[in-house]
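1. Sequence first, predicted model second:
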Amino acid sequence: MQGAVTYTADGHFHFITVRSDAPKYASGDSARPSSEEAMAIASGTVAYTGTYTVDESTKTIHVNIETSSFPNLVGAPNQRRIVQSITAEELRFTNPRTPAGITLELVFKRAK
C-alpha cells in the first residue's frame, strides 16, 4: 500500500492509502468501472479527514474523523495514533484500534 498523511498547523488532517497494485479500468473512464474493478478499488482504498489534537505527554495523536471512504470511522470514539518516532524526514505511528481489531504500524516519509 502507498499513501499520504497531512497534519496542518490549525489542527486538521487528511489520510489516504491505496493499493499499489490497483487495476486500471478497462474502459479508461473513471465514471464507468466494471463491478469487479469498482470493488477492487473500494476494498483497497481508505481515505479520511477531520481534526486532531496531540498529547505530547503520551505521544498520542487523537483524531476526530469527519468524513471517510469507510463510513463506520466517522465519529468513532477513541481514535488515536501512538507516535513511535518522528524526525524531520519520517513519522512512524501505530493505530492500535482498527475496525478489524488489528494494530497497524505505519511509516510516512516526507514528500520531496
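-> Done, it's in. Quantities reported herein were computed from a predicted structural model and do not represent experimental measurements.

2. Have a look at the protein and report its longest strand.
-> In the chain, assigned by DSSP state E, the strand with the most residues is strand 45-55.

3. okay, the angle between the helix or strand that comes right after it and strand 45-55?
-> Where DSSP states H and E defines the elements, the next helix or strand beyond strand 45-55 is strand 60-68. Inter-element angle recorded for strand 60-68 and strand 45-55: 140 degrees (by axes from the mean of the first three to the mean of the last three CA atoms, to 10 degrees).

4. residue contacts, Phe93?
-> Contacts here follow CB atoms under 8 Å, 6 or more residues apart in numbering; on that basis Phe93 touches Ile61, Arg81, Ile82, Val83, Gln84, Glu105, Leu106. Any C-beta I mention is one placed from the backbone N, CA and C, and that applies to glycine too.

5. in the sheet, who's paired with it?
-> Note on Phe93: beta-bridge partners by DSSP bridges are Val83, Leu106.

6. just to revisit the earlier point, so for the longest strand of the chain, what gets flagged as buried?
-> For strand 45-55, the buried set under the neighbour-count rule, 16 or more other CB atoms under 10 Å, comprises Thr45, Val46, Tyr48, Gly50, Tyr52.

7. If you count contacts, what does it end up packed against?
-> strand 12-18, strand 60-68 (3 or more CB pairs under 8 Å, 6 or more residues apart in numbering; DSSP states H and E).

8. now those strands as a markdown table including mean pLDDT?
-> Shown next, in a markdown table, are those (pLDDT from 0 to 100):
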| stretch | mean pLDDT |
| --- | --- |
| strand 12-18 | 95 |
| strand 60-68 | 95 |
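
9. can you redo those strands as CSV with mean neighbour count?
-> Below are the helices and strands packed on strand 45-55 laid out as CSV (neighbours: other CB atoms under 10 Å):
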stretch, mean neighbour count
strand 12-18, 16
strand 60-68, 16
